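A.B. asks: generate a structure from the sequence data that follows.
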Amino acid sequence: MSERHTHSGGCHCGAVRFEVDLPEAFEVEDCNCSICAMSGNIHVIVPSAYFRMLKGTDAMTEYTFNTGAAKHLFCKTCGVKSFYIPRSNPDGYAVTWRCLDAWDQLDVTVNSFDGQNWEQNAAALAHKSKA
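C.D. replies: Numbering: from 1, shown residues only. Purely as a prediction, here's the structure:
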């Protein structure tokens with residue numbers, strides 16, 4: 001297993017802040033499902049043990065749709081979704097890559113994920129929330 005480094009991140013207004021432990025180089029998912037495509041969300045999925053809220057739990061609101069399994073969490077003030085609990089990995093977090101501080105300096109590989117055909121492709125993500 002590669003060494004992990006702690007990265008901070010949060011929403012636009014700063015009400016929500018978190019830390020996440022990531023390897024030096026990592027993959028992010030550029031999903032074309034209805035919500036990711038419309039919001040431009042590109043995210044990295046991590047086990048819940050690698051994610052820590054620093055502040056702002058009370059500043060967030062939740063949106064669900066379809067099966068209700070994915071928990072889309074947004075800042076009530078600025079509307080940014082810094083992370084969410086994905087349907088594919090309910091035991092982990094999908095952290096929005098561009099909500100990480102200095103996101104543009106990280107060693108990232110962007111993978112296209114066909115979320116429009118979620119049922120056929122979701123299993124390809126299941127391993128990402130395992131430590």
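
A.B. asks: now the strand or helix carrying Glu119, how far from the centre of its chain.
C.D. replies: Using DSSP states H and E, the element containing Glu119 is helix 118-121. Put simply, helix 118-121 sits 18 Å off its chain's centre (CA atoms, centre = their mean, to the nearest Å).

A.B. asks: list the contacts of it.
C.D. replies: With contacts defined as CB atoms under 8 Å, 6 or more residues apart in numbering, helix 118-121 is touched by Cys33, Arg87, Ser88, Phe113, Asp114, Gly115. Just so you know, the C-beta spots here come from the backbone N, C-alpha and C atoms, and that holds for glycine as well.

A.B. asks: show me the shaky parts of the chain.
C.D. replies: Flagging of the chain using pLDDT under 70 yields the residue ranges 1.

A.B. asks: all strands of it, in order?
C.D. replies: For the chain, the strands defined by DSSP state E occupy 4-10, 17-23, 25-31, 42-47, 51-55, 60-63, 71-75, 83-85, 92-96, 107-113.

A.B. asks: to Ser129, which of those lies closest?
C.D. replies: Shortest distance between Ser129 and the strands of the chain, using CB to CB, is found for strand 92-96: 2.8 Å.

A.B. asks: just the C-alpha atoms of that closest one, please, in PDB.
C.D. replies: Extracted C-alpha coordinates of strand 92-96, given in PDB (Å, rounded to 0.1, in the frame of the first residue of the first chain):
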ATOM      1  CA  GLY A  92     -16.900   5.700   2.000                       C
ATOM      2  CA  TYR A  93     -16.800   9.200   0.800                       C
ATOM      3  CA  ALA A  94     -16.600  10.800  -2.700                       C
ATOM      4  CA  VAL A  95     -14.500  13.900  -2.200                       C
ATOM      5  CA  THR A  96     -14.800  16.600  -4.900                       C
END
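
A.B. asks: by contact count, what packs against that strand?
C.D. replies: strand 17-23, strand 42-47, strand 51-55, strand 83-85 (3 or more CB pairs under 8 Å, 6 or more residues apart in numbering; DSSP states H and E).
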